[in-house]
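Enquirer: sequence first, predicted model second:
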Amino acid sequence: MYSSHRLIQRKKGLKMQNRILKIVPLLAAVAVILLPGLALADLIGPEDFSAQAAIEGFEGISPATANTGALEFGNFFAIGTQTSYTFNSGVTLTNPCPALPVANGGPYIEDFNYSGGVNTWGANGTANQAPFGKSYLGFYNETAYVEFTFDQPMYRVGAYVTGAPGTVRLEAYHNADLIASTSVATVPVAAWSSNFIGIASDGITKVILRGADVGIDNLTYEPAPVPPTLILFGSGLLGLWGVCRGRRQS
């Protein structure tokens, strides 16, 4: 009698465990869908980045190397002259590469460690210094753009921009798919250090900035942090799976 009762209870327990194991994947999928900030795109400012965000300031790049041009107009030089160019922070300039000479539209680095020409952006004034550090990246042409690609998907991406009067457009992509975009007006050079354009969206693998005559500094980016709720949920699922597996084996 005792062993028969125990067998019945064991069968009931196995049925319950099977039901739990069947709904675990469904619960996990629902949790991912409902977690905020994983699918929708948001416009963001520099204050939205964590202290761990990577910043590319376009500093410490030498002219006249295998993948940079010689100095032009005193302190300008093309970048990515042979192939894509990976900066110190890890982000890669992937287009337009090979780059045109500075005189034909860039992309270029203007480095104020060298003396020479100045970049005049019409009514927005003359760039006689970078907003952060000594260098910035620029490009110009009526259809000009630059493309930056990341070595892993990012969640937040942005940069400080200005240039000739007009707008700068930031497009975020997951591989070849456009997932979000935004635009900001250029500002006088004196206000460059406060003119930020940024996007937050899950799975950003590359961004494109477009404009007629643009300067970019402090390109900032970071992957999505793992939400504490997801960590707790995952730990709970793992513990539940372990308990069920242990009971099955016993």
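Expert: Received, thanks.
Enquirer: going by C-alpha atoms from here, please, whenever you check contacts or count neighbours.
Expert: Noted.
Enquirer: okay, the residue nearest to Asp213 when sequence neighbours are not counted and Ala180: tell me how far apart.
Expert: Using CA to CA, 6 or more residues apart in numbering and skipping the chain neighbours, the partner closest in space to Asp213 is Tyr140 (4.0 Å). As judged by CA to CA, to the nearest Å, Tyr140 and Ala180 stand 23 Å apart.
Enquirer: more neighbours: which of those two?
Expert: Between Tyr140 and Ala180, Tyr140 has the larger neighbour count (other CA atoms under 10 Å), namely 23 against 19.
Enquirer: for Phe76, see how far away that one is.
Expert: Applying CA to CA to Tyr140 and Phe76 gives a distance of 13 Å.
Enquirer: again, but for Gly138
Expert: 10 Å.
Enquirer: same thing with Glu222?
Expert: 29 Å.
Enquirer: comparing the two, which shows the higher neighbour count?
Expert: For Glu222 versus Phe76, the count of surrounding residues by other CA under 10 Å is larger for Phe76: 29 against 22.
Enquirer: does the closest residue to the more buried one other than its chain neighbours belong to a helix, a strand or coil?
Expert: Once flanking residues are discounted, Phe76 sits nearest to Glu110: 4.5 Å by CA to CA, 6+ apart. Per DSSP: H, G, I helix; E, B strand; the rest coil, the local secondary structure of Glu110 is strand.
Enquirer: related to what we said a few turns ago, joint contacts of Gly138 and Phe76?
Expert: Shared contacts of Gly138 and Phe76 (CA atoms under 8 Å, 6 or more residues apart in numbering): 108-110.
Enquirer: after the lengthiest strand in the chain, next one along is what?
Expert: If you go by DSSP state E, the chain has its longest strand at strand 145-163. Proceeding N to C from strand 145-163, the next assigned helix or strand is strand 167-174, under DSSP states H and E.
Enquirer: can you list the domains in this protein?
Expert: 2-35+228-249, 43-222 (automatic domain parsing).
Enquirer: would you map the helices across this protein?
Expert: Remark: helices assigned in the chain by DSSP state H are 2-34, 228-249.
Enquirer: quick one, the longest strand of the chain and strand 167-174 angle?
Expert: With axes from the mean of the first three to the mean of the last three CA atoms, to 10 degrees applied, the angle from strand 145-163 to strand 167-174 works out at 140 degrees.
Enquirer: make 4 the starting number, not 1.
Expert: Yep, numbering from 4; the last one is strand 148-166 now.
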